[in-house]
Each structure stands twice: as C-alpha cells, then as structure tokens.
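Asks: What follows is a predicted protein model with its sequence.
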Amino acid sequence: MCLGIPMQVVEIDGDIGYVESGGVKRKVGLMLLEDVKVGDWVIVHAGFAIEKIDPEEAIGTLELIREGAGRLDIPEGQKGGDS
Amino acid sequence: MNPYRDPEKFRELALQLSQFDAGRRIRLMEVCGTHTMNIRRFGIHNLLPPGVELLSGPGCPVCVSDNSYIDQAIELTKFDDVIVVTFGDMVRVPGSYESLESARSAGGDVRVVYSPLDALEIARENPDKKVVFLAVGFETTVPTISATILRAEDLGIGNFYVLPGHKLIIPALEALLSGDNEIDGFILPGHVSAVIGVEVYREVLERHKVPGVVTGFEPVDILMGILMLLNAIKDGRFLLGNEYSRVVLNEGNRKALELIWRVFEPEDTPWRGLGVIPMSGLKLRDEFSHRDIRSVVHIEPPPPREHPGCRCGDVLQGKIKPDECPLFDTVCTPDNPVGPCMVSSEGSCHAYFKYR
Amino acid sequence: MPISNTDRILLSHGGGGRRTEELIKNVFAKYLANPILDGMDDAAFLGESELRTFFSGGAGRVNGLVFTTDSFVVKPLFFPGGDIGRLAVSGTVNDIAVMGARPIALSAAFILEEGLKISELESVLESMSATLREADVQVVTADTKVVERGRGEGVYISMSGIGMVEVSPPPSLRRIEPGDVLIINGPIGLHGLAVMLERQGMEFEGKIESDVAPLWGLVSSVLGPEIKFMRDPTRGGLAMTLNEIADATGLGIVIDENLIPITPEVETVSELLGIEPIEIANEGKVLMVVARERADEVLEKMKMHRHGREAAVIGEVTDSTGGRVVMRTKLGTTKIVSKPVGETLPRIC
C-alpha cells in the first residue's frame, strides 16, 4: 500500500532535508526520524523519510540466501532495538 | 546495482520456489497494494509451484475506502473557495455517482501532489482558498499527514485542512481472520511495518494460528518472504518473521508512532467489503479538529450506492479472485472501471488485468 | 516599433484590423517569414518551382504525398527541454517522417488567449523558427485568433503538414513479419515526465528534460526498403505503440527490459511516483520495425545521428506469443505489456 524507495540523505536543514538517488534530488520531510545524518540511506514515501536503512542488516539478509541453499529461514525478531 | 534486484540471486530463489512441494493447497495473502503490483511487475506470479496461491487482500487504501469517502470529496469540489488536493491514486476512483476526474472536468479545482507537504505549499500560495488534502492511506502515510498538520500549525497556515480517511492494518487482519477465509499466511506490508513494527502482529496472528512475514518490496525480498512463509506452513510452525530487517525494527518507528497518536485517535470506520470494523480508522483529536474540513464546510453527499454486480469486496477478502467476478473484463476494465479494485493501479483487479 | 503600446495580447489583436496586421508583421513575420508566407495569400500556392525547392533532396520520384494534422495544448507552455512551439513543429514533422516522407510544407493556426504576454509569444515563435530550420521545412500558411481571457491556456497551436514519400515501398503495418527487429533511437520517458514534473510542481531536481525534437533528419539517414514500419511513441509511450502494432498485425512482440534505453533519472523518478517508463510519452523518439538482416546496419547509421546516438535494438516481432506484447524483465521473468489507461498519474501506493 505504500510505495517507498531508498534514497540517500545529502543535506539537512532542520526538519527538512534533501535526498538523492539516480541523479535525482528531492526535498523531503525528516520529522519522522530521530538523529538522521547526511550519508544515511532512508526509505522515502510521499515526500517523507519514513525510516533509515541499516546497511549491515541489508547484507545479513542476503547472506541467508546463500546459506539456505535448499532451505531458507530467518529467525524471528532477528533485529532488536535500535541499531 | 541494488543486490535485492540481482537477477542471479533472484533466479536462485525462484528455483527454490518452483521446486517447493506444497503437498496441499496453500493460500498466502498480501495485504499491501505495492506487493500486489510488484509481484506482477516482476512476474513472480508466474513462478508459483502447483498448489500455492497468492491472494490480494485489503491493502490498497483506494480500494478499501468505501464510496461515501469519495462522495464527500466530490461534494467538496463543488465549493468555489475549496481546492481539493490528492495523491494521484484517488483521481479516477468511481464514487457512487462520479469520480474526482469527472468532478474536475465539471469545474472543480482538483490537484494532484506527490507529498502532503506540497498540499501545504498550495495552501500557503492560496490564502483566500480552503485547501483540503484527502488524507488516505495506512500507517505509513498517517505520520506524514500528522507532520504536515503540525507544520501547518507551526507556520500558522490556517487554510490547510484534511478529509480524514485513514485505515489501520491490525483491525483489518482481525476482521479478515474472523471471517470465513482460508488464509494460510500473510505477506505483511514492509512500509506499514516500518512504522508499527513487527511485534504488534503477534497477538492476532498467534490467536488465529496464521503465520506472517514482514516483507520488503524488491524482487529478492518478495521471494524470500514467500519462501519463509511456505517453509513455516509446511512444517506446521507458527512464524512471525521479518525479512525486511534492514528497514523494519521490532518496535517500529517510535517517532512516527508518536506523531500518529499526537494528532489522531482511533474510531470505527467502514471498509469496502468488510463492513464497519471497530477502531480501524482515525479521526483528528479535539485539539486538531479545526483541521477537519467538515468543521468549516457543511457537506451532505447524496446517499452512497454500490454497483450491484461489483464483487470488489469479495476480492479484497480473498473470497474470489478478480477473474472470478462476472464483471471482470466484460463490463469492468481499466478503461471503464466499475469498482475501485479495477481503477487503482495497485488494485487487485487492475493488476490482474494488466499483468495477466 | 512595438505594437501600439501594449505588451500583452488584446482581443483586438484577433479582430482582423490594424492591430492584427501589426501583430503579424511585427511578431509572427519576424520568426516565420519566407517567400510563400510573405505573400499573405489566403492559401499557400505550391507551384512546381516551390515544390522543386522543397524537394531538392529527394530521389526525384514521387511515391506519394502524406498529409497530417495535430493540435498542441501542452501546459505549461514552457517546460524543461522545450516549449509548445518546438513541440508543434516536432510533432507534425515526426508524424510525416514516420511515414517515410520528407516534410515539405506546414500550416500553423494560433489560438491566443487575451492577456498573453507578447514576449512569451515571441519566445514560442523563436523556438518554432529554430525547430523549423532544424527540420528544414517552412510554415507556408498561418492564422491567428484571439479568445477571451480564461478561454485558453495562453497559446494553442494547430498544425498541419504535407510530406513527400521518399522511399519505395513506403513503411506500412502490412509489411511487418515475424522475425523483424525493433529499434528505438534513444532513452524513453523523458518528455512526459519533464512536463508532468513541471506541471505538478513536483520539485525533483535532476536532469529530466523533454526529448522533443524533429526526427526527419534521423529518419532520412536510414530510410530504405528495409524499414518496414515506423511510429513515434508519443502519448501512451512505448507500451501503447507496441500494442497498436500487435493489434493491427495480429503478430506478437517480445521486448527485453534490459535493452530498453532509459536514463537513471527517469528510472528513479518513475519508481518514486509509481509509474511505468514504457507508458510515458516521448516527443523525440521513433520506433522502427526493421528487416532482421539489415538491423545492424540501420542501428549503426542511427548511432551516427545526434538524435540516435543511444539507439538500441529492444526486441522483435514474433508469432509465438498469441498476438501479445511480452516483456522479458531484468529478472528473467516474463510479463504482458498492456495498453496504458488514461493520463499518467503519480501514486503513493
């Protein structure tokens, strides 16, 4: 129900920031995030950054594919707390 | 190259999926329109092994909004001093009598934006008009509306209003599972979960013994989500999984949740096909009720009605597949949609039609 | 000499009197003048000598005339990469060019809205004039009307054109056969997206400029009997054009997503707004259906032209898909490409 795509934060001015991806820059609201930094990747939905993307988790999930050649399973609650 | 679009990883998983031996009929439901769209855009629906079915649930805010919401929005376009601002999704949805597109051709000022912040900008530029934003969407979109309303307060932009039409996902799952549906597992919505987290699903899913996996939207994500579910179902194991852990935290996005509850509170609301579901919608808290357009403009739409043959409601509950509706591809097509499931590009019927 | 102390279009500019005359002389003629138009006749006379001039580059044999008409109502009048003037000339020229014909004469009817800034009109005309030069064609007859404020969007342009077919046999849907190869001359989706972003004030920064361009030069550089069919994928984009071909021929089409030229900017914005690049309008693109054995040669020639540098083979005609347009996705899966519905709208879902 909610289109969101990963973009990188390149500029922050209080509650408003600029994100970039594929040569496209857009102003977004940062009001939904705590301590977001320039360089962070975020999911952008309806002109707002709705959540940060954790690069380590991104890789971790992919590694599970290799391990699980015949059998794919990811433990519950793999990611706890803030990271 | 986004690794979650890597054709090689995709092929690896597609092979696993095609070799999966279900041994019986397994019905998975996705409750997010973007999943519905992407499953078809990426051609994943053509990879399912025998016995495995994907159903499209009530995940498209346009589809689940009942006609009375559109009818109210259309009434608003009839006021000369009102500008109706909306996400593009809503423009072609037929209400009881007409769509916003036809209301616009009749002279209504209807504008399409990408972000509610753009609507606030329109309000700032048109101080002599009442600018009303059609606030639809699930928990992903709600905090963006909250933030925009708070910004309007901060900046003293008094002519910005909303017509609240938000929906909440957990009460909808409860309603679905309490009905006579045979759903074996849920592909849970990645971006809604980014806001509400993973744990909130546990109570309802455990009680009904139906597993769910929070799933991202890239092709590799979707295949992983499906495989995790299928494996759990085959083992008869309950699972509340999180495939999309790079974005979704167990407890969700605290700040976004705070924003939702600071501005809105739950209320009973009607869903297309599911009827009124208790505490499944949102209204503005008293403190912000002056931002509801209905506090300043009196609208009285004619009584809502539904097309008698349209089975959008049954499609949304997974009771029938789109092509089992007698209107599908006969009188109801994307060019001439009868119901919202056909009009919204993420509606199940539209997606079925487009990517058969 | 400025037009009687006004910098805006007045209703009287359309009245047919002195003001009209002044507008034509001081504004239109400045940009569109040529011997035939200057005659100020009610219709353009294209005598043998005029035709020979226009026809100088031709093979000397007339294979037929083509005659086309189109209206241009784009909003806003100016958008990144172009404006309504360049769009009108390009649109008309391209409709002629895809028939395998050299554009030889155009007509232009302007419907101006009262209150339009004359400087804006001049910008449109200047751009038209430059595009006409680029396409090596002239406006030989023209007309202007003024409508009351509120009854137009500044400028509407209605344009017709005549072309002479320079190839035999001319391109035609009837000539398409299984095995023919599909070539497009560059990245898709630019025009529709540039106009939409400008119109909706979407504020995406990035290089998304309309591809609007007259394509006769490109087309003539490859023209030959091996070009079975051409069409400019405007409204409805590539998806519409491919389906039109499939519908008309009863043949199927297979395209490969990996091969379709697209800029990263168009890809990103399309994802953000939930729209399909192959459904977005182009105004400087031509889709060619080419005999397989000559496809490489045509592609090489296209790449030498400035409007064809990023030309690519994107797929082929087939009799194996039951008359459907099928896309092989980047993931190796397949899906049906259907006709787009109505106006392209950004969505959040």
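Replies: Cool, got the structure. Remember, predicted model here, so these are calculated numbers, not experimental data.
Asks: What's the per-residue pLDDT of residue 5 here?
Replies: All of this refers to chain A. With respect to pLDDT, A:I5 scores 91.
Asks: hm, I was asking about chain B
Replies: You'll see B:R5 listed with a pLDDT of 91.
Asks: cool, C:S119 as well?
Replies: Note for C:S119: predicted pLDDT of 96.
Asks: repeat for B:C332
Replies: pLDDT at B:C332 comes out at 89.
Asks: For it, give me its contacts.
Replies: Contact analysis of B:C332 by Cβ atoms under 8 Å, 6 or more residues apart in numbering or on different chains lists B:310, B:325, B:338-339, B:342, B:349. Using the backbone N, CA and C atoms, a C-beta is placed for each residue, glycine as well.
Asks: same thing but at 10 Å, please
Replies: Counting by Cβ atoms under 10 Å, 6 or more residues apart in numbering or on different chains, B:C332 makes contact with B:307, B:309-312, B:322, B:325-326, B:338-339, B:341-343, B:349, B:353.
Asks: swap in C:D41?
Replies: Per Cβ under 10 Å, 6+ apart, neighbours of C:D41: C:140-141.
Asks: What of A:V19?
Replies: A:5-11, A:25-28, A:30, A:40-44, A:47, A:49.
Asks: Now the residue nearest to the spatial centre of chain B: closest residue in space that isn't a chain neighbour?
Replies: Residue closest to the average C-alpha location in chain B (Cα atoms, centre = their mean): B:C60, at 2.9 Å. Counting by Cβ to Cβ, 6 or more residues apart in numbering or on different chains, B:G33 is the residue found nearest to B:C60 once chain neighbours are left out, at 3.6 Å.
Asks: Give me the pLDDT for the one you found.
Replies: 87.
Asks: Wait, it touches B:D89, no?
Replies: Yes: using Cβ atoms under 10 Å, B:G33 is in contact with B:D89, at 8.8 Å.
Asks: Tell me which of these two has more neighbours.
Replies: Neighbours of B:G33 and B:D89, each counted by other Cβ atoms under 10 Å in any protein chain shown, are more numerous for B:G33; the result is 34 against 30.
Asks: Next, that one: phi, psi?
Replies: Dihedral angles of B:G33 (phi, psi; degrees, to the nearest 10) stand at phi -60, psi -30.
Asks: List the contacts of the residue nearest to the centre of chain B.
Replies: Shown in contact with B:C60 (Cβ under 10 Å, 6+ apart): A:1, B:31-34, B:36-37, B:89, B:136-138, B:272, B:316, B:340-341, B:343-348, B:350-351, C:349.
Asks: Leaving out the residues flanking it, which one is nearest to the one residue in chain A that gets nearest to chain B?
Replies: Using Cβ to the nearest Cβ, the point where chain A gets nearest to chain B is A:G47, with a distance of 2.3 Å. Leaving out its chain neighbours, the residue that sits closest to A:G47 by Cβ to Cβ, 6+ apart is B:S115, at 2.3 Å.
Asks: One more: B:M224?
Replies: B:E243 (4.9 Å).
Asks: What separation is there between the one you found and B:S193?
Replies: 10 Å (Cβ to Cβ, to the nearest Å).
Asks: Quick check: neighbours shared by the two?
Replies: Shared contacts of B:E243 and B:S193, defined by Cβ under 10 Å, 6+ apart, comprise B:214-216.
Asks: which one of those residues is nearest chain C?
Replies: B:G216 (13.9 Å).
Asks: Surely that closest one touches B:V247?
Replies: Yes: in this structure, B:G216 is within contact of B:V247 by Cβ under 10 Å, at 6.8 Å.
Asks: can you list residues touching both of these two?
Replies: Common neighbours of B:G216 and B:V247 (criterion: Cβ under 10 Å, 6+ apart): A:4, A:43, A:58, B:190-191, B:193-194.
Asks: those helices in the stretch 101-250 of chain C, which residues are they?
Replies: C:118-135, C:190-200, C:216-222, C:237-249 (DSSP state H, counting those that start in this stretch).
Asks: Off-centre distance for the shortest one?
Replies: Here the centre of mass of C-alpha atoms in helix C:216-222, compared against the chain's by Cα atoms, centre = their mean, to the nearest Å, lies 14 Å away.
Asks: tell me which residues in it are buried?
Replies: C:216-220, C:222 (16 or more other Cβ atoms under 10 Å in any protein chain shown).
Asks: And the first one, by the same measure?
Replies: If you call a residue buried by 16+ other Cβ under 10 Å, then helix C:118-135 has these buried ones: C:118, C:120-121, C:123-125, C:127-129, C:131-132, C:134-135.
Asks: Which residue, neighbours along the chain excluded, lies closest to the residue of the stretch 201-350 of chain B found nearest chain C?
Replies: With Cβ to the nearest Cβ, the shortest gap between the stretch 201-350 of chain B and chain C falls at B:P334, namely 4.2 Å. Distance criterion Cβ to Cβ, 6+ apart; nearest residue to B:P334, sequence neighbours excluded, is C:V341 at 4.2 Å.
Asks: Assess the claim that that neighbour and C:R235 are in contact.
Replies: No: contact criterion Cβ under 10 Å: C:V341 and C:R235 do not qualify, at 11.9 Å.
Asks: Give me the common contacts of the two.
Replies: Counting by Cβ under 10 Å, 6+ apart, the residues touching both C:V341 and C:R235 are C:E279.
Asks: more neighbours, those two?
Replies: Comparing C:V341 with C:R235 by other Cβ under 10 Å, the one with more neighbours is C:V341, at 21 against 16.
Asks: so after the worst-scoring helix or strand of chain C on mean pLDDT, what's the next helix or strand?
Replies: Using mean pLDDT, DSSP states H and E, helix C:48-54 stands out as the lowest-scoring helix or strand of chain C, at a mean of 66. Downstream of helix C:48-54, the first helix or strand assigned by DSSP states H and E is strand C:65-72.
Asks: Cool, thanks, signing off.
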